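**Q** Take a look and give me a structure for this.
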Amino acid sequence: MSYLHLISAQTQFYQLPRPFKLESGRELTGVQVAYRTWGELNAAGDNAVLVCHALTGSADVDDWWEPLLGEGKALDPERDLIICSNVLGSCYGTTGPTAINSETGFAYGATFPKMTIRDMVHLQALLLESLGVRSLELVLGGSLGGMQVLEWALLYPERVKAIAPIATSGRHSAWCIGLSEAQRQAIYADPHWQAGNYTVEQPPAQGLAVARMIAMNTYRAWASFQERFGRESQDDQQFAIASYLQHQGIKLIERFDANTYITLTQAMDSHDVGYQRQSYESALQSIQQPALIVGINTDILYPPVEQQELADLIPNAQLLWLESSHGHDAFLIEMTILNEWIANFRN
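**A** The predicted model follows:
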């Protein structure tokens, strides 16, 4: 399956001129980065804002965070150069499992090497260098995006003026790792899945759909599902919530790749800002940039205790609570207040 038709016409591409070395020591050749921009870079190269997307997201900020983008808003193209790139491992134009391995002539598929959040950030840094960006006014993002935000502050402190990690954590918990593993096992259990011999043309679609259904139950909250679905049934006597989850599974397999899902969830599981640093606590305490931490009171994936931990350990942090019945996905739903908070943080 090709995902090229899902890539915006405004998407641009950067081809790395040299091999890209992963944190594991493996090298990728011919790496390509898909990205989008809004606004213009100033002569000093210091008015850029980097937006980092979530797990199945894309560089199309105008699609999934449109209320935050525009003149006078948190992401203002009249003031900033706003940049969002598809992460390494993506199926939306950046090198990942669906890309062609130059050594074999076939898509990487299940052979795509394991990678980390730091690999994503290092690749973004190379993209920004190619664009002439010398420093970033702000790096922000939710969930997987928030993990990248924290690593930006730690890996490139001299380039980042402020950060806004949203609905995320400093390291993936046993709870999150367990949920990710259950989703991956759903893919592995698909009849079309053949470990080491999976092709893009023969995807384990049902397995990916089930993985998405599991995930959707963690992206929302009890009150959200209760208010929207309750125990309502449809004409076919199926519970409305069951039909909704099945619909979400079908939607994902139409736009996403199973091996990409595996690759990115494994990268999220590896997330730990303390890894190969002095300690988890000291890593967060070393972040000196002003930080806006946004937690969601009903988030069961990255619960309030993890947002409080970030705020307690990062010296120049302020913590705001998004009160919502929608759970983790509230950062993609309650966008009016999120826009206001980020705009105020920047002023």
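
**Q** Helices of the stretch 151-300 of the chain, start to end?
**A** For the stretch 151-300 of the chain, applying DSSP state H, counting those that start in this stretch gives helices covering 174-188, 205-219, 222-228, 240-253, 258-269, 280-285.

**Q** Just name whatever secondary elements the shortest one is in contact with.
**A** When contacts are defined as 3 or more C-beta pairs under 8 Å, 6 or more residues apart in numbering; DSSP states H and E, helix 280-285 packs onto helix 304-313. Every C-beta, even on glycine, is put in place using the N, C-alpha and C of the backbone.

**Q** Just the CA trace of the helix it packs on, in CSV.
**A** Output in CSV follows, covering the C-alpha atoms of helix 304-313 (Å, rounded to 0.1, in the frame of the first residue of the first chain):
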residue,chain,number,x,y,z
PRO,A,304,-1.7,13.7,36.4
VAL,A,305,1.0,12.3,38.6
GLU,A,306,3.4,12.3,35.7
GLN,A,307,2.7,15.9,34.7
GLN,A,308,3.2,16.9,38.3
GLU,A,309,6.5,15.1,38.4
LEU,A,310,7.7,17.1,35.4
ALA,A,311,6.6,20.4,36.9
ASP,A,312,8.3,19.5,40.2
LEU,A,313,11.6,18.6,38.7
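
**Q** For residue 311, see how far away residue 304 is.
**A** 10 Å (C-beta to C-beta, to the nearest Å).

**Q** for the stretch 101-250 of the chain, which spans come out with low pLDDT?
**A** Where the stretch 101-250 of the chain drops to pLDDT under 70, the residues are 194-204.

**Q** Contact partners for residue 311?
**A** Residues in contact with residue 311 (C-beta atoms under 8 Å, 6 or more residues apart in numbering) are 293, 317-319.

**Q** which of those count as buried?
**A** Neighbour counting with 16 or more other C-beta atoms under 10 Å marks 293, 317, 319 as buried within these.

**Q** now the residues you listed as JSON lines including pLDDT and distance to residue 169?
**A** Formatted as JSON lines, those follow (pLDDT from 0 to 100; distance: C-beta to C-beta, whole Å):
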{"residue": "293", "pLDDT": "98", "distance to residue 169": "11"}
{"residue": "317", "pLDDT": "98", "distance to residue 169": "14"}
{"residue": "319", "pLDDT": "98", "distance to residue 169": "14"}
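
**Q** Return the member of those nearest to residue 157.
**A** Nearest to residue 157 among these, counting by C-beta to C-beta, is residue 317 at 14.9 Å.

**Q** Am I right that that closest one is in contact with residue 289?
**A** No. Applying C-beta atoms under 8 Å, one finds residue 317 not in contact with residue 289, separated by 9.4 Å.

**Q** What's the local residue count around the nearest residue to residue 277 once chain neighbours are set aside?
**A** Closest residue to residue 277 apart from its sequence neighbours, by C-beta to C-beta, 6 or more residues apart in numbering: residue 283 at 4.6 Å. Close neighbours of residue 283, defined as other C-beta atoms under 10 Å, add up to 23.

**Q** so residue 283 touches residue 154, yeah?
**A** Yes. Residue 283 lies in contact with residue 154 (C-beta under 8 Å); the separation is 6.2 Å.

**Q** Quick check: neighbours shared by those two?
**A** Listed as contacting both residue 283 and residue 154 by C-beta under 8 Å, 6+ apart are 273, 277.

**Q** Outline the domain layout of the chain.
**A** Under the assignment automatic domain parsing, the domains of the chain span 4-172+273-346, 176-267.

**Q** Format the buried ones among the contacts of residue 311 as JSON lines; extra columns: distance to residue 46.
**A** JSON lines is the format used below for these (distance: C-beta to C-beta, whole Å):
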{"residue": "293", "distance to residue 46": "24"}
{"residue": "317", "distance to residue 46": "23"}
{"residue": "319", "distance to residue 46": "27"}
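
**Q** list the contacts for residue 108?
**A** 96-101, 259.

**Q** tell me the contacts of residue 88?
**A** 31, 33, 94-96, 115, 119-120, 123 are the contacts of residue 88 under C-beta under 8 Å, 6+ apart.

**Q** Can you tell me which of those residues end up in helices?
**A** 119-120, 123 (DSSP state H).

**Q** wait, doesn't residue 300 sit right on residue 224?
**A** No. Contact between residue 300 and residue 224 fails when scored by C-beta under 8 Å: they sit 10.7 Å apart.

**Q** the more surrounded of those two?
**A** Neighbours per residue, other C-beta under 10 Å: of residue 300 and residue 224, the larger number sits with residue 224, 19 against 16.

**Q** what's the spacing between that one and residue 67?
**A** The gap separating residue 224 from residue 67 is 19 Å, by C-beta to C-beta.

**Q** do residue 173 as well
**A** 30 Å.

**Q** next one: residue 184
**A** Distance from residue 184 to residue 67, by C-beta to C-beta: 33 Å.

**Q** Then residue 143?
**A** Applying C-beta to C-beta, the value for residue 143 to residue 67 is 18 Å.

**Q** More neighbours: those two, which one.
**A** residue 143 (26 against 14).

**Q** Which parts of the stretch 1-150 of the chain are strands?
**A** Assigned by DSSP state E, counting those that start in this stretch, the stretch 1-150 of the chain shows strands spanning 12-15, 20-21, 27-28, 32-38, 48-52, 81-85, 136-142.
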